[in-house]
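# Here is my input; please provide its structure:
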Amino acid sequence: MHITTETFGSVLVVHTPDDLTEETSRHFASSLEEHLQQGRSSIVLQMDRSELFDSIGLTALLDLQDQARHLGGTVKISGLADPGRKIFEVTRLDQRFDLFESVIDAVASFR
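So this is what the prediction gives:
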């Protein structure tokens, strides 16, 4: 599994895997570790392809948010569609993350 990233100014855009589960979360987190170590803490997760989450995947998102905030940044989410949006609502993660329809809006919100 390859995690694709793009940089727009100081914002890192990360294309999340189709499934964010126990099997993929470790690789997802480790692939972002290098970016965090380089001080890239303004992050947009492009989740338009992500459809399946388990508790470990959701915990990985919260851990990433905590790490980014510790560095003075934050994590924002774009493109989250059903059923992912419903999962975020039920678990109240929609209150922990700023959600955007498009990656353009999410990146622009950092300005």
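# Parallel or antiparallel, list what pairs with the worst-scoring helix or strand of the chain on mean pLDDT.
The weakest-scoring helix or strand in the chain, judged by mean pLDDT, DSSP states H and E, is strand 52-53 (a mean of 88). Within its sheet, strand 52-53 is paired with strand 19-20 (parallel), according to DSSP bridges.
# Now tell me what touches the strand it pairs with from outside.
Here strand 19-20 makes contact (Cβ atoms under 8 Å, 6 or more residues apart in numbering) with Phe28, Ser50, Glu51, Leu52, Phe53, Asp54, Gly57, Leu58, Ala60, Leu61. C-beta coordinates here come from the backbone N, C-alpha and C atoms, glycine included.
# okay if I get these as TSV plus distance to Ser42?
Shown next, in TSV, are the contacts of strand 19-20 (distance: Cβ to Cβ, whole Å):
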residue	distance to Ser42
Phe28	18
Ser50	20
Glu51	26
Leu52	27
Phe53	23
Asp54	27
Gly57	22
Leu58	21
Ala60	18
Leu61	16
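# Of the residues you listed, just the buried ones, ChimeraX syntax please.
Typed into ChimeraX, the line below selects the buried ones among the contacts of strand 19-20, using 16 or more other Cβ atoms under 10 Å:
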select :28,50,53,54,57,58,60,61
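# Kindly indicate which of the contacts of strand 19-20 lies nearest Glu101.
Using Cβ to Cβ, Ser50 comes nearest to Glu101 of the contacts of strand 19-20, at 14.9 Å.
# Enumerate every residue touching the closest one.
So Ser50 contacts Thr16, Pro17, Asp18, Asp19, Leu20, Leu80, Gly84 (Cβ under 8 Å, 6+ apart).
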